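Chemist: here is the input, now give the coordinates:
(2 chains)
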Amino acid sequence: MTDAALTLSSPAPAGEEIRVLQSRIREMQATKLDTRAVPTHPSLASLLPGGSLRAGAAYSVQSSTALVMALMAGPSAEGLWCGVVGLPDFGVEAASRFGVDLARLALVPHPGEEWLTVTAAMADVVAVVVTRAPGRVSPSSMARLQARIRQRDATLIVLGDWPQSEATLRITESSWSGIGVGHGHLAGRQAMVSVTARAGSGRPRRARLWLPDGDELFRPVHEPPQLTDVRPRALHEVAG
Amino acid sequence: MNAVTRLSAPALTPVRTMVVWCPDWPVVATAALEEISVDERIAVIERGLVYACSESARADGVRRGLRLREAQARSPRLRDFPHDPVRVNRAFEPFISALEEMSPHVQIVRAGSCALRARGPARFYGTEHAAALAFLERFAELGVTDARVGVADGVFAADQAARLPGVDLIRIVPPGRSPEFLAGLPLNLLDEEELTLLLWRLGIRTLGDFARLPAEDVQARFGEAGARAHARAGGLDGTQVTPRIPPEIRESVNDFEPPLDRIDQITFGVRAASDRFISELAGAMFVCTALRVEITTERGEVRERSWLHPRWFTASDVVDRVRWQLQGGSTIESALSSPVIRVRITAETIDHSAKHETGLWGTGSDERIHHGLSRVQSMVGHEGVLTASIGDGRSPRERQVLIPWGDRGEETPAPKRASTGRSSARGGRGPAGEVPPWPGSLPPPLPTTVFEKPLPVLVLGADHDAVSVTERGELSAVPVYFAANPAGQGLRPLEAWAGPWPVYERWWDAEKRRRLDRFQVVDAEGTAWLLALEDRVWRAEARYD
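Modeler: Prediction:
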């Protein structure tokens, strides 16, 4: 022990060694993460780094529950369990229409003080944990939760910021169809979803998705010019 | 558990059955409790009618079903006692225990009468007659000298054989001869009042006459109950002897001396007992799927609660339930309002463990989920972990039904039933299985965020006045601006809006009636909202985000 401490006491080689070790750790983590893909909804798969959700990774979604549900729909349809912690306003019926199986969904709307423990305990048993951090979370708690999900091969979806997230998903534009000024009703939404992968891994990927379309399905908008011509044009006029 | 299990298929071959019957048991039991002689004129009265009477009273002309006044007129020295089923049943308990010592699997038909499968005792004692004699001797030792035994195919026939008037104490109907034996007996033995009356009018007087009717016709005319009665009359009694479960393994009582006032102490004290409770059930090949925890405090308060389990209780589950019940909202270290002197755990529903064995494949993961979620429940409380299903109603919040994890079986459609039950009180609903239409509910797509408490918002017209709806459902102004808070911060223009959609709920109920107008709006950021205007107050019910 003392020998090791002595050899490390000279600053330059030690720093070098730590850097090498850290990069090796990162590499090892990366290979581990690459080994297990979680079934993902096809419309989102191409946007995510690695082409799908990963077990043991965290994803951050900015202020869109529909995107969270789209992320949950893939694993849930494949028979995996989902847990929703700390979201008392989670729209259960919409989730069931969008393909989340309610028979395999557990909700903890008010974890209270025990947020970290409950989320970690959920990660032990369910494959996908959806949560929103209450207020500020200390970096050490975040690291602990991150370690736990990695160890348990769970996928964490955080509504809000999450510094260690594999990717951050957000809706940059959204336009609703079927509703006008004083007539119609909400029928479908086209949204520009932009996915920023972990820092330093390239430009954000973007795609136009129906979120959802008139049949309550998530799918990419294949012919953007044609479709935008027909319905949302009216909306843009309204907006302008 | 001691009810006779009726199987839907009456065509089952009847099992050779022995019925041991103590005549006038309510009278015998009451006389023993009142410490008077059975030879006196005694009547046991239920709701003003004679329920049972002693031999001497019967000699005076007292009959079952007679009004008390009439019975007193016939037998002036009649002593009447109210019928107390609890005491009468309890008094029979020593006899069942005695029978159970001699032969396992005793089913109580009613107080004073119990059924056994004849095969076992007949082999053990040599013949059916010898077995019956042994039972009668044992009953005589316990003080009942006029018990009778009937042996026949099926519980019904054996019961009738035991009850047949006459001097024989043991009556054995040879195997296969039960239909002949029953044929000559009167119809009212079926104990189906309406059916008997109708058949009597149709000119059918005996069980034999009834049994001769074609089974399909009886089924078509009298339904399932009639078909079962027909099978019984024909000696094709489908009922099986269902052994009772000895009561001592159904409960576990923990007395604390001195009384304990800390939850952790109590749960520790209960741990060993619940281990024993569950292992005893397991030893008898049973699992417990519902239990009742009764906590008695020093002040004499009793706190009771039933707990259901999605699978079946393990020992640690039982301890958890006791802790949750003690805990309420407080933490494990906190002291209770009053020390606890007794914790009584009773199995409410038990089931054969064979039905609950885990399969070789496929059930493992659910087990794991259950353990994990139970652990979360132990942190945030029983009501903290929820499962969801979709119920009835118009507003998105109303439609989601949240049930604590484990409160109802996952496999059973119970949660569905609970929700429709509530809705039937709310208003009309279609026949079972159909989704009622709920006119006025939201068209798809549905909102992804449904606020637990509706959010007060602000909707303004072009001149920055609040928009309202008149009695006739007309808008006072066109909505132009929107803010997601009542103070008006972050006021932004509306891109699109639709409404008002009036909802007038429970107009027949003065207290619960609601009148509101729904709107869908899309704000300039592209977020859509579901708004409700009620009493001139705008609230956001849900958000499409």
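Chemist: give the contact list for the nearest residue to B:D60 once chain neighbours are set aside.
Modeler: With CB to CB, 6 or more residues apart in numbering or on different chains as the criterion, B:D60 has its nearest non-adjacent residue at 3.6 Å, and that residue is B:S75. Placement of C-beta: from N, CA and C, glycine included. Contacts for B:S75 (CB atoms under 8 Å, 6 or more residues apart in numbering or on different chains) come out as B:R41, B:A43, B:A57, B:D60, B:G61, B:V62.
Chemist: which SSE is the third one in?
Modeler: Under the criterion of DSSP states H and E, B:A57 resides in helix B:55-59.
Chemist: after that helix, next one along is what?
Modeler: helix B:68-74.
Chemist: that next one packs against which elements?
Modeler: strand B:42-46, strand B:49-53, strand B:79-82 (3 or more CB pairs under 8 Å, 6 or more residues apart in numbering or on different chains; DSSP states H and E).
Chemist: any stretches of chain B with poor pLDDT?
Modeler: Across chain B, the ranges flagged by pLDDT under 70 are B:1-13, B:237-249, B:310, B:328-336, B:354-365, B:408-436.
Chemist: what's near enough to touch whichever residue of it sits closest to chain A?
Modeler: At 2.8 Å from chain A, B:G372 is the closest residue in chain B, using CB to the nearest CB. B:G372 sits next to A:A121, A:M122, A:D124, A:V125, A:V126 when contact means CB under 8 Å, 6+ apart.
Chemist: show me chain A divided up by domain.
Modeler: A:6-159, A:167-238 (automatic domain parsing).
Chemist: of those, which stretch is the most buried?
Modeler: A comparison of the domains of chain A by mean neighbour count, using mean count of other CB atoms under 10 Å in any protein chain shown, puts domain A:6-159 on top with a mean of 19.
Chemist: how close does the closest residue to A:V118 other than its chain neighbours get to B:E224?
Modeler: Spatial nearest neighbour of A:V118, chain neighbours left out: A:P111 (4.1 Å); criterion: CB to CB, 6+ apart. Going from A:P111 to B:E224 by CB to CB, to the nearest Å gives 50 Å.
Chemist: what strand or helix carries B:V88?
Modeler: Assigned by DSSP H and E, B:V88 belongs to helix B:85-102.
Chemist: am I right that A:A207 sits in a strand?
Modeler: Yes - under DSSP: H, G, I helix; E, B strand; the rest coil, A:A207 sits within a strand.
Chemist: ok so, going back, from the contact counts, what lies against the helix or strand that the helix holding B:V88 is followed by?
Modeler: Scanning forward in sequence from helix B:85-102 by DSSP H and E, the next helix or strand is strand B:106-110. Packing contacts for strand B:106-110, counted by 3+ CB pairs under 8 Å, 6+ apart, involve helix B:85-102, strand B:113-117.
Chemist: so which of those is the most surrounded?
Modeler: strand B:113-117 (a mean of 24).
Chemist: may I see the buried residues of stretch B:523-537?
Modeler: Neighbour-count burial for stretch B:523-537, counted by 16 or more other CB atoms under 10 Å in any protein chain shown, picks out B:D523, B:G526, B:T527, B:A528, B:W529, B:L530, B:L531, B:A532, B:L533.
Chemist: could you export these as CSV, including distance to chain A and secondary structure?
Modeler: Compiled in CSV, the buried residues of stretch B:523-537 are given as follows (distance: CB to the nearest CB, whole Å; DSSP: H, G, I helix; E, B strand; the rest coil):
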residue, distance to chain A, secondary structure
B:D523, 10, strand
B:G526, 4, coil
B:T527, 7, coil
B:A528, 5, strand
B:W529, 10, strand
B:L530, 9, strand
B:L531, 12, strand
B:A532, 15, strand
B:L533, 15, strand
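Chemist: among these, which pair sits farthest apart?
Modeler: B:G526 and B:L533 (22.6 Å; CB to CB).
Chemist: surely A:R205 touches A:T172?
Modeler: No - here A:R205 does not reach A:T172: they are 11.9 Å apart, not a contact under CB atoms under 8 Å.
Chemist: what's the overlap in contacts for the two?
Modeler: Joint contacts of A:R205 and A:T172 (CB under 8 Å, 6+ apart) are A:S194.
Chemist: do stretch A:150-169 and chain B meet at all?
Modeler: No - between stretch A:150-169 and chain B, judged by CB under 8 Å from any CB of the partner chain, nothing touches; the nearest distance is 9.9 Å.
Chemist: what separates that stretch from the chain centre, distance-wise?
Modeler: How far stretch A:150-169 lies from its chain's middle: 6 Å, per CA atoms, centre = their mean, to the nearest Å.
Chemist: and stretch B:271-291, by the same measure?
Modeler: 20 Å.
Chemist: list the contacts for the residue in chain A positioned nearest to chain B?
Modeler: In chain A, the residue found nearest to chain B is A:V125; the distance is 2.8 Å by CB to the nearest CB. For A:V125, the contact set (CB under 8 Å, 6+ apart) comprises A:W81, A:G83, B:R368, B:I369, B:H371, B:G372, B:L373.
Chemist: looking at it now. What's its pLDDT?
Modeler: We have a pLDDT of 87 for A:V125.
Chemist: now do the SS call for the residue most central in space within chain A.
Modeler: The centroid of chain A falls nearest to A:Y59 when counting by CA atoms, centre = their mean (3.4 Å). Here A:Y59 is recorded as strand under three-state DSSP.
Chemist: find the residue closest to it in space, skipping its chain neighbours.
Modeler: Spatially, and ignoring its direct neighbours in sequence, A:Y59 is nearest to A:I157 (5.1 Å; CB to CB, 6+ apart).
Chemist: show me the strands paired with the host helix or strand of the one you found, marking each as parallel or antiparallel.
Modeler: Element membership of A:I157 [criterion: DSSP H and E] is strand A:155-159. The pairing partners recorded for strand A:155-159 under DSSP bridges are strand A:58-62 (parallel), strand A:128-131 (parallel).
Chemist: got the helices and strands packed on helix B:68-74 as CSV, with mean neighbour count and distance to chain A columns?
Modeler: Shown next, in CSV, are the helices and strands packed on helix B:68-74 (neighbours: other CB atoms under 10 Å in any protein chain shown; distance: least, CB to the nearest CB, whole Å):
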stretch, mean neighbour count, distance to chain A
strand B:42-46, 22, 48
strand B:49-53, 22, 50
strand B:79-82, 15, 51
